[in-house]
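J.: Build me a model from this:
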Amino acid sequence: MAFEVPKNTYSAKIREITLGSGAGALKIGGETSYPFYTFEGAMPNRVKIAMEVWDTMPDDWPDAAIEPFADVASDPVVWAKKCVTEYSAEAICLQLVSTDPNGQNRDAYEAATVVKKVADAINVPLIVWGTANHEKDTEVLRQVAEVCQGKSLTIGPVEEGDHKKIGAAAIAYNHTVIASTPIDINLAKQLNILLGNLGVSNERIIMDPTVSSLGYGIEYSYSVMERVRQAALTQNDERLQFPFICNLSREVWKTKEVRIPTAEAPELGNTGKRGILMEAISATLLLVAGADLIVMRHPEAIKLVREIIDDLMA
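T.: The predicted structure is shown next:
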């Protein structure tokens, strides 16, 4: 008697969202089963990887992380172009680090001007990530939305404390919002409801569940993402049927394990390879938790994760 694999069927699906516009636009989401359970349903869109770019010269990156970008890290436009042309980035995530009130505190118009230059220089979707300071992000991201009208940006993080003003700007200028909540399924659902009540289209929302690195609570992120997917697919919860974006790179490369010199901890292996593997392994865990779009930093880590995606999709 032939063995038949038990299969579940799901009455719901994750919304398919288009990021960017034109020939370089990306589609994410659309799943009708759990991640990579293609024997039970469809996964029409591969997981996408966005490469991280900062709007200011990083001064605290480990050597292994900065080395591939050492020649371009002082210019975000050139940096973004290198990620696209040399490393085949599917999207760019521009981190507006310089706008942090506790750092350079760059003003909104100057930041928006940089975003516009990057958007004009690339032909892939642009994600713009603020500092998670409600007052500053409201000022900056509203300016970015206006200056970059017609560019179909993805902007965030949009949190409950600033969702009204940033969400309204996204509606006015046709951008997608990143609904960001601190690792909690109920908070995630509530924010999606608030954005919907505000008038943000279901086709303009992606979810940031907040993620962490390997060894720093990633299992909690995983479990929350898993519960969101269960509610979306098995309970047909329409306010949780959105794709996930995981802003991973900064979480990995700020850990002490990627900075300890090889000579100080030879049992941990080569420092550079250690960071690459931590980023790749963390990203792989998020893949199987349901990530649709992952923000990563190191080209070698990205190469490894792309190979894993190939194997899982085969």
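J.: helices and strands around the helix ranked longest in the chain, which ones?
T.: Using DSSP state H, we find that the single longest helix of the chain is helix 271-289. The helices and strands touching helix 271-289, judged by 3 or more CB pairs under 8 Å, 6 or more residues apart in numbering; DSSP states H and E, are helix 63-66, helix 218-234, helix 249-253, strand 293-296, helix 299-313. From N, CA and C alone the C-beta is placed, and that goes for glycine too.
J.: Pro209 is in contact with Val224, correct?
T.: Yes - counting by CB atoms under 8 Å, Pro209 is a contact partner of Val224 at 5.6 Å.
J.: Give the full set of residues in contact with Glu146.
T.: Applying CB atoms under 8 Å, 6 or more residues apart in numbering, we find Glu146 in contact with 112, 169, 172-173.
J.: just checking, Gly196 touches Arg239?
T.: Yes - contact criterion CB under 8 Å: Gly196 and Arg239 qualify, at 7.1 Å.
J.: For these two, indicate the residue with more neighbours.
T.: The neighbour count for Gly196 versus Arg239, taken as other CB atoms under 10 Å, is higher for Arg239 (18 against 15).
J.: So that one sits against Leu191, correct?
T.: No - counting by CB under 8 Å, Arg239 does not reach Leu191; the two are 9.2 Å apart.
J.: average model confidence for stretch 228-238?
T.: The average pLDDT within stretch 228-238 is 97.
J.: nope, stretch 33-41 is what I was after
T.: 94.
J.: Stretch 149-167 too?
T.: Here the average pLDDT along stretch 149-167 is 97.
J.: Could I get the CA-only coordinates of that stretch as CSV?
T.: The C-alpha atoms that make up stretch 149-167 are tabulated as CSV, following Å, rounded to 0.1, in the frame of the first residue of the first chain:
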residue,chain,number,x,y,z
GLN,A,149,5.7,61.1,-4.5
GLY,A,150,5.4,58.6,-7.4
LYS,A,151,8.3,56.5,-6.3
SER,A,152,6.1,53.8,-4.5
LEU,A,153,8.4,53.6,-1.5
THR,A,154,7.9,51.3,1.5
ILE,A,155,8.2,53.4,4.7
GLY,A,156,8.5,52.5,8.3
PRO,A,157,8.5,51.7,11.1
VAL,A,158,5.0,52.8,11.5
GLU,A,159,3.9,52.3,15.1
GLU,A,160,0.7,52.9,17.0
GLY,A,161,2.2,56.2,18.4
ASP,A,162,2.7,57.7,15.0
HIS,A,163,0.5,55.7,12.6
LYS,A,164,-2.1,58.5,12.0
LYS,A,165,0.3,61.1,10.5
ILE,A,166,2.7,58.8,8.7
GLY,A,167,-0.2,56.6,7.5
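J.: ok now that stretch, how far from the chain's centre?
T.: Stretch 149-167 has its C-alpha centroid displaced from the chain centroid by 14 Å (CA atoms, centre = their mean, to the nearest Å).
J.: quick one: buried residues of that stretch?
T.: Buried residues in stretch 149-167, counting neighbours by 16 or more other CB atoms under 10 Å, are found at 151-159, 162-163, 165-167.
J.: on that earlier part again, the helices and strands packed on helix 271-289 into JSON lines, with extra columns for mean neighbour count and distance to Asn123?
T.: Output for these, formatted as JSON lines (neighbours: other CB atoms under 10 Å; distance: least, CB to CB, whole Å):
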{"stretch": "helix 63-66", "mean neighbour count": "18", "distance to Asn123": "25"}
{"stretch": "helix 218-234", "mean neighbour count": "19", "distance to Asn123": "30"}
{"stretch": "helix 249-253", "mean neighbour count": "24", "distance to Asn123": "22"}
{"stretch": "strand 293-296", "mean neighbour count": "26", "distance to Asn123": "17"}
{"stretch": "helix 299-313", "mean neighbour count": "17", "distance to Asn123": "19"}
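J.: quick one, strands of the protein?
T.: Taking DSSP state E as the test, the strands found in the chain are 16-19, 26-29, 48-54, 91-95, 126-129, 154-158, 176-180, 205-208, 245-247, 293-296.
J.: Can you tell me how far the residue nearest to Gln190 when sequence neighbours are not counted is from Ile281?
T.: Spatial nearest neighbour of Gln190, chain neighbours left out: Glu160 (7.3 Å); criterion: CB to CB, 6 or more residues apart in numbering. Distance, Glu160 to Ile281, using CB to CB, to the nearest Å: 32 Å.
J.: go on, Tyr37?
T.: With distances taken as CB to CB, Tyr37 is found 21 Å from Ile281.
J.: Ok, Gly215 next?
T.: 10 Å.
J.: If you count surrounding residues, which of these two has more?
T.: Ile281 (19 against 14).
J.: Go ahead and confirm the more buried one touches Ser213.
T.: No - using CB under 8 Å, Ile281 makes no contact with Ser213, being 9.3 Å away.
J.: in the stretch 1-150 of the chain, which spans are helices?
T.: 63-66, 76-85, 108-121, 134-147 (DSSP state H, counting those that start in this stretch).
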